[in-house]
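Build me a model:
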Amino acid sequence: MSFEFSQRAKDLQKRLTAFMEEHIYPNEQRFHDEIERNRWSPTAITEELKTKARAAGLWNLFLPESEYGAGLSNMEYAPLCEIMGRSVMAPEVFNCSAPDTGNMEVLARYGTPEQKERWLKPLLAGEIRSCFAMTEPAVASSDATNIEASIRRDGDEYVINGRKWWSSGAGDPRCKIAIFMGKTDPSAPKHKQQSMILVPMDAPGVKVERLLTVFGYDHAPHGHGEVSYTNVRVPVANMLLGEGRGFEIAQGRLGPGRIHHCMRCIGLAERALESMCRRVMSRVAFGKPISEQGTIRADIAASRMEIEQARLLTLKAAYMMDKVGNKAARTEIAMIKVVAPDITLRVLDRAIQAHGGAGVCQDTFLAGAWAGVRTLRLADGPDEVHTESIARWELQRYEQRKSTSGHDGA
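Presented below is the predicted three-dimensional model:
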């Protein structure tokens with residue numbers, strides 16, 4: 001197993017890092033200022049930088065299909081996603097932000113030519129945005145078989161009813177399409193009841209009821225919507241892949257999406273550690289630099305060790321996805337989905353502690369970053385679901401070894 005990056009990946013790392021230094025970091029304050037002035041409108045600076053990023057060839061880097069994206073492998077994209085993860089504004093600038101990345105992958109992989117022309121094309125161009133309507137407030141959606149929203153065939157249309165929440169991106173006025181998951185056949189086998197369908201956000205009966213906060217942050221202008229769907233009618237042609245194939249699509253979508261979250265976490269953890277080191281080297285307490293305090297030095301060392309471990313596990317998952325496919329790499333994906341947010345939260349917490357009062361207010365990125373990363377322990381499957389899967393797969397391996405060898409290997 002080699003973690004040596006290709007020359008193409010190395011070149012893109014250099015170009016992306018240079019773009020971040022020249023255009024992203026210097027404009028982060030302007031980005032936040034524009035949001036404060038007009039919370040639910042796209043920022044002008046993001047649109048300006050999107051044009052620059054596209055001209056620089058740093059656009060749609062996440063898509064492995066060369067027809068639509070950069071044609072990178074997961075191993076090649078991993079370090080680029082880490083770099084983008086260092087700034088909250090960066091992923092959108094390069095058209096590599098969730099949930100659009102996952103939705104574009106769904107359309108690229110499963111969409112009809114007509115669906116691709118109407119929705120994928122403007123998403124790839126960064127002209128519109130999208131949301132993913134899966135989680136429901138009335139049921140434990142960590143078990144997606146609980147989902148109760150309905151998709152009912154009526155002649156040449158489907159009639160959609162249900163209430164979804166945590167539809168991230170629904171607050172953005174550019175959000176024009178939702179990928180909606182609901183039941184088409186409640187009597188079918190458990191994992192064949194669900195389907196996914198494209199629902200325009202301006203369709204009659206679609207209503208954004210409210211925008212949810214995350215530990216007090218509303219994440220404007222993106223937002224996390226609670227959206228009701230009341231007798232919404234869409235053409236039969238809006239169905240993705242076919243009735244009863246919602247779980248199949250979900251697994252194809254969530255594998256890459258989960259590892260993208262983890263890659264961005266590593267970049268954020270790196271930036272937090274850098275911020276902590278700068279802070280403690282510039283402050284004096286009890287007669288000596290804070291950087292000479294033993295507890296602080298232990299925090300710095302622990303953070304470096306944990307980041308390196310998380311990065312290696314992330315790269316292993318990316319390597320496995322490339323070599324044997326997402327299904328065979330499911331254990332590695334599940335492990336890093338638990339490990340990366342957990343470690344990033346620990347590093348952020350230490351950085352917050354080192355910054356004192358500055359760490360919990362708007363003067364640094366740390367408090368907002370902590371709130372965002374904490375949600376990743378729930379997004380795309382909570383920790384408990386992934387740890388249960390990891391344990392089950394590990395026990396299955398043990399049983400297989402025992403049945404093959406005739407003893408337990410003790």
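
buried stuff in the top helix by length along the chain?
Counting residues, the longest helix in the chain under DSSP state H turns out to be helix 246-282. Residues of helix 246-282 classed as buried: 246-250, 252-273, 275-277, 279-280 (neighbour count, 16 or more other CB atoms under 10 Å). In short, each C-beta sits where N, CA and C put it, glycine included.

gap between P382 and L376?
10 Å (CB to CB, to the nearest Å).

Look at those two and report which has more neighbours.
L376 (22 against 17; other CB atoms under 10 Å).

What's the local residue count around the spatially closest residue to that one that is not a sequence neighbour?
Counting by CB to CB, 6 or more residues apart in numbering, L376 lies nearest to P341, which is 4.1 Å off, once chain neighbours are set aside. For P341, the count of nearby residues is 25 (other CB under 10 Å).

that's a strand at V208, yeah?
Yes - assessed by DSSP: H, G, I helix; E, B strand; the rest coil, V208 belongs to a strand.

and the closest residue to it other than its chain neighbours, how many neighbours?
If you skip the residues right next to it in sequence, V208 has G225 as its closest partner in space, 4.8 Å away by CB to CB, 6+ apart. The burial count assigned to G225 is 26, neighbours taken as other CB under 10 Å.

G225 bridge partners, please.
S167, L211 (DSSP bridges).

In this structure it contacts W165, no?
Yes - at 7.2 Å, G225 counts as touching W165 under the criterion of CB atoms under 8 Å.

can you list residues touching both of those two?
Common neighbours of G225 and W165, using CB atoms under 8 Å, 6 or more residues apart in numbering, are L212.

coming back round to it: helix, strand or coil: sort out the residue nearest to L376 for me.
P341 - assigned by three-state DSSP - is helix.

Hmm, it is touching R377, no?
Yes - contact criterion CB under 8 Å: P341 and R377 qualify, at 5.2 Å.

Read off the pLDDT value for the residue most central in space within the chain.
By CA atoms, centre = their mean, the chain has its centre lying nearest to H261, at 4.2 Å. pLDDT, H261: 93.

likewise the one 4 residues further on?
Confidence at C265, expressed as pLDDT, is 97.

Can you tell me how far it is from F215?
For C265 relative to F215 (CB to CB), the value is 17 Å.

just D363 next, same as before
From D363 to F215 the distance is 17 Å (CB to CB).

just checking, N103 touches L123?
Yes - using CB under 8 Å, N103 is in contact with L123, at 6.9 Å.

Show me whatever sits in contact with both of the two.
Counting by CB under 8 Å, 6+ apart, the residues touching both N103 and L123 are S130.

Check the offset of the strand or helix carrying D349 from the chain's centre.
Under the criterion of DSSP states H and E, D349 resides in helix 330-355. Remark: helix 330-355 is offset 14 Å from the chain centroid, using CA atoms, centre = their mean, to the nearest Å.
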